[in-house]
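Q: Only the shape, not the letters, is given here:
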Ligand code: NAD
């Protein structure tokens, strides 16, 4: 029998809600995505984060169906890729994504990167507003938007993004962006929350992990959860996928949180949003 959901829900400004911890599937092969997503749902996950760029939307959709749970119990995010920015292009890309997923709506559609040199994210956002009005994207948001990109978008739009999905891990804590998002009612979601695995050997994290009898990965994800962030760790291993979900039964104390706060270096494991696209 499928494990009940472990994750609390975070309210979005549009009235919907998102499970706080979900499964990221970047670099998961389409052929294995179905098995992994089905296994994650069986382990209590109810939220999957994919993108056109990941070339596994078909596998994700198959995994959701294979779980046997009603579609509305799983929160599915996908994203419009940089090559498809623009109003008509985005509507077409959305149709393709929905077809690959084999679904008639997504829970969340995101602009993957602002791609500021293209200068098309406002047109792209208009398309997302249309998809929301039509009910085919229940919620709409952005990814990799800086304060400057968001200020520009908000000044020229009626809909406010409900989510900003950005790189966020102990080396890159994004405090200014998080404050800005919060001031506009935007939920911040953390991608590469484990720094693609690179932050996990940090001695401070290892010491906190030992103190709590947990892994470094669980400490880092618990830190995200206690900051009120949405978080989408990825693994190709079902054992690690299960491990990453067991973060709702212990708590970091003030000393742990202060020690992790001091790990900020500003170092990215991914790309700079002003330079992509
Ligand atoms: P991540 O920080 O989740 O790290 C994943 C890697 O960490 C794994 O490949 C594995 O090597 C290691 N790992 C995972 N669990 C572990 C554990 N319990 N113990 C030890 N090692 C472990 O990196 P990610 O995949 O880059 O990011 C997560 C998700 O965020 C992606 O899958 C994707 O859905 C999303 N994402 C979005 C963007 C964007 O531009 N919007 C960019 C990158 C990633």
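A: Cool, the structure landed. Note that the structure is predicted; figures quoted are calculated from it, not measured.
Q: who in the stretch 1-150 of the chain is up against the ligand?
A: 24, 25, 26, 49, 112, 143, 144 (C-beta under 6 Å from any ligand atom). Using the backbone N, CA and C atoms, a C-beta is placed for each residue, glycine as well.
Q: Name the pair among these with the greatest separation in space.
A: Distance extremes for these: the farthest pair is 25 and 144 at 17.6 Å, using C-beta to C-beta.
Q: More neighbours: which of these two?
A: More crowded of residue 25 and residue 144, by other C-beta atoms under 10 Å: residue 25, with 27 against 24.
Q: show me what contacts the residue nearest to the more buried one when sequence neighbours are not counted?
A: Nearest non-adjacent residue to residue 25, counting by C-beta to C-beta, 6 or more residues apart in numbering: residue 50, 5.2 Å away. Applying C-beta atoms under 8 Å, 6 or more residues apart in numbering, we find residue 50 in contact with 25, 33, 56, 57, 60, 76, 77, 78, 79.
Q: Name the SS class of the second one, please.
A: So the one you mean is residue 33. helix (DSSP: H, G, I helix; E, B strand; the rest coil).
Q: List only buried entries from the residues of the stretch 1-150 of the chain next to the ligand.
A: 24, 25, 49, 112, 143, 144 (16 or more other C-beta atoms under 10 Å).
Q: so how far is residue 277 from the fourth one?
A: With distances defined as C-beta to C-beta, to the nearest Å, the gap from residue 112 to residue 277 amounts to 8 Å.
Q: Strands of the stretch 51-200 of the chain, residue ranges please.
A: Along the stretch 51-200 of the chain, the segments classed as strands by DSSP state E, counting those that start in this stretch run 75-80, 106-111, 137-143, 163-167, 187-191.
Q: where's residue 234 relative to the ligand, distance?
A: 3 Å (C-beta to the nearest ligand atom, to the nearest Å).
Q: Hmm, that residue is touching residue 27, no?
A: Yes. Using C-beta atoms under 8 Å, residue 234 makes contact with residue 27 at a distance of 7.4 Å.
Q: so what sits against both of residue 112 and residue 277?
A: Joint contacts of residue 112 and residue 277 (C-beta under 8 Å, 6+ apart) are residue 82.
Q: Quick one: name the residues of the stretch 151-277 of the chain near the ligand.
A: Residues of the stretch 151-277 of the chain lying near the ligand (C-beta under 6 Å from any ligand atom): 165, 191-197, 200, 215, 217, 232-235, 240, 243-244, 270.
Q: again, 5 Å this time
A: By the criterion of C-beta under 5 Å from any ligand atom, the positions of the stretch 151-277 of the chain lying close to the ligand are 165, 191-192, 194, 196-197, 217, 232-235, 240, 243.
Q: Dump the strands of the stretch 51-200 of the chain into JSON lines; add mean pLDDT and distance to residue 253 as well.
A: What follows is the strands of the stretch 51-200 of the chain, written out as JSON lines (pLDDT from 0 to 100; distance: least, C-beta to C-beta, whole Å):
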{"stretch": "strand 75-80", "mean pLDDT": "98", "distance to residue 253": "31"}
{"stretch": "strand 106-111", "mean pLDDT": "99", "distance to residue 253": "33"}
{"stretch": "strand 137-143", "mean pLDDT": "98", "distance to residue 253": "32"}
{"stretch": "strand 163-167", "mean pLDDT": "98", "distance to residue 253": "26"}
{"stretch": "strand 187-191", "mean pLDDT": "99", "distance to residue 253": "21"}
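Q: Take those and write them to CSV, including distance to residue 97.
A: Converted to CSV, those look like this (distance: least, C-beta to C-beta, whole Å):
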stretch, distance to residue 97
strand 75-80, 5
strand 106-111, 7
strand 137-143, 10
strand 163-167, 16
strand 187-191, 18
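Q: closest one to residue 45 among these?
A: Proximity to residue 45 (C-beta to C-beta) singles out strand 75-80 among those, at 9.6 Å.
Q: what packs against that closest one?
A: Where contact means 3 or more C-beta pairs under 8 Å, 6 or more residues apart in numbering; DSSP states H and E, strand 75-80 is packed against strand 47-49, helix 57-66, helix 87-101, strand 106-111, helix 121-134.
Q: This completes my enquiry, with thanks.
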